[in-house]
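>>> The sequence and its predicted three-dimensional model are supplied below.
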Amino acid sequence: MTTAYLYQIAFIAPVEHVEACNRAANALGRSGDNFSVPLSSNGEGPATHFGGSAREQGGFVQAVASAKSGIPPAEGLNPDDWQVVANHLDVVADPAETTDALQQFNQMLASRGLMRVGSGVEAAV
């Protein structure tokens, strides 16, 4: 059986909230370091935000979209980390089948006034 990844998501969090957001993502089954792209307003360090991109299932996207409404059932999910997600995680989600990940991420960065740190040229997400 294959997993149905219905959404392509791009996400950003301020540097001081990345660890809490990543722990919450890990508790929801997204292992590893999910925030791997350093960002700032001028493309120079130090990074003020970190971001990333992924294909996701509907349940994950729904949980994040309704983060302010309550904590989803997940073993090991810290309520304080989830509150950080509710208050500080910035996510856009579009249909996976028709969304170009790099274009989505670049548009999100441009609309938030952010650039990749050290990026004189476009880089893959």
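Yep, it's here. If you're wondering where the values come from, they're calculated on a predicted model, not measured in any experiment. Residues are numbered from 1 along each chain as shown.
>>> name the helices or strands packed onto the longest helix seen in the chain?
If you go by DSSP state H, the chain has its longest helix at helix 101-112. Judged by 3 or more C-beta pairs under 8 Å, 6 or more residues apart in numbering; DSSP states H and E, helix 101-112 is in contact with strand 7-14, strand 49-56, strand 90-95. (Each C-beta comes from the backbone N, C-alpha and C, glycine too.)
>>> Show me what secondary structure element comes after it.
strand 115-116 (DSSP states H and E).
>>> any weak-confidence spans in this protein?
Scanning the chain for pLDDT under 70 picks out the ranges 1, 120-125.
>>> mind checking how far residue 57 is from residue 19?
From residue 57 across to residue 19, the span is 23 Å (C-beta to C-beta, to the nearest Å).
>>> ditto for residue 74
For residue 74 relative to residue 19 (C-beta to C-beta), the value is 17 Å.
>>> Contacts only, for the closest residue to residue 21 other than its chain neighbours.
Leaving aside its chain neighbours, residue 21 sits nearest to residue 13 (4.6 Å; criterion: C-beta to C-beta, 6 or more residues apart in numbering). Applying C-beta atoms under 8 Å, 6 or more residues apart in numbering, we find residue 13 in contact with 21, 35, 49-51, 88-90.
>>> Tell me the one of the residues you listed nearest residue 29?
residue 21 (14.4 Å; C-beta to C-beta).
>>> any idea how far residue 70 is from residue 105?
28 Å.
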